[in-house]
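> Sequence and predicted structure below; questions after.
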Amino acid sequence: MALVRCLRREAAAQDAPPSHTSLLGAIERFHGDATPSILCEAEGLSEVDLNVLLNRMEDEGLVLREADRDACRTRIGLTERGRKALQANRLRRDQWLADMIRTRLSARERWDLLKAGELMERLALAAEQDSHEAGSLLRRLAFAADGS
């Protein structure tokens, strides 16, 4: 957790607040299927807090809201500016972390970290798959409720 705080602090030195970056990442992860309710659940936000963030981010040109075909739901997407901001944030974090690894860890520690990273990636992919499946179920249930 301390490493995550350091990464956020490093990225936030030049970027938007961590809440913006986190929300941009969540929107990207849902590949065009992000709705306010899905984002609230994914980010642990209330509808009011999410709406405040989305309004700010929309004003900054980072996100856009589009009505679904049937106009019952709103889809949230990234603008080109939002994508670039997210990429720039990730690049800064990656560069900081690579510098820390290169200058602070021994060759053996770098090898151990590589192996641990592979395991963490496997766990993250499994968790993301579980989350995506849960999100798909929520969308199907919401659609079934709207269709009745």
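In hand now; what should we look at?

> show me the contacts for Leu113.
Listed by CB atoms under 8 Å, 6 or more residues apart in numbering, the contact set of Leu113 reads 101, 105. In this view, the C-beta of every residue, glycine as well, is placed from N, C-alpha and C.

> so which strand or helix has it?
Element membership of Leu113, judged by DSSP states H and E, is helix 107-147.

> how close does Glu121 get to Leu3?
16 Å (CB to CB, to the nearest Å).

> right, I mislabeled it, should have said Asp68
Remark: distance between Asp68 and Leu3 (CB to CB) = 39 Å.

> Arg81 now?
Distance from Arg81 to Leu3, by CB to CB: 28 Å.

> Counting neighbours, go ahead and name the busier of the two.
The neighbour count for Arg81 versus Leu3, taken as other CB atoms under 10 Å, is higher for Arg81 (13 against 9).

> The protein: helices as residue ranges?
Here the chain has its helices, by DSSP state H, at 2-12, 18-29, 36-43, 47-59, 80-104, 107-147.

> the domain parsing of the protein - what is it?
2-104, 107-148 (automatic domain parsing).

> highest average neighbour count across the ones you listed?
Ranked by mean neighbour count under mean count of other CB atoms under 10 Å, the domains of the chain are led by domain 2-104, which reaches a mean of 15.

> pLDDT below threshold where in this structure?
Within the chain, the segments meeting pLDDT under 70 span 1, 4, 7-16, 71, 135-148.

> Test my guess that Asn89 contacts Thr21.
Yes. Contact status for Asn89 versus Thr21: in contact at 5.2 Å, counting by CB atoms under 8 Å.
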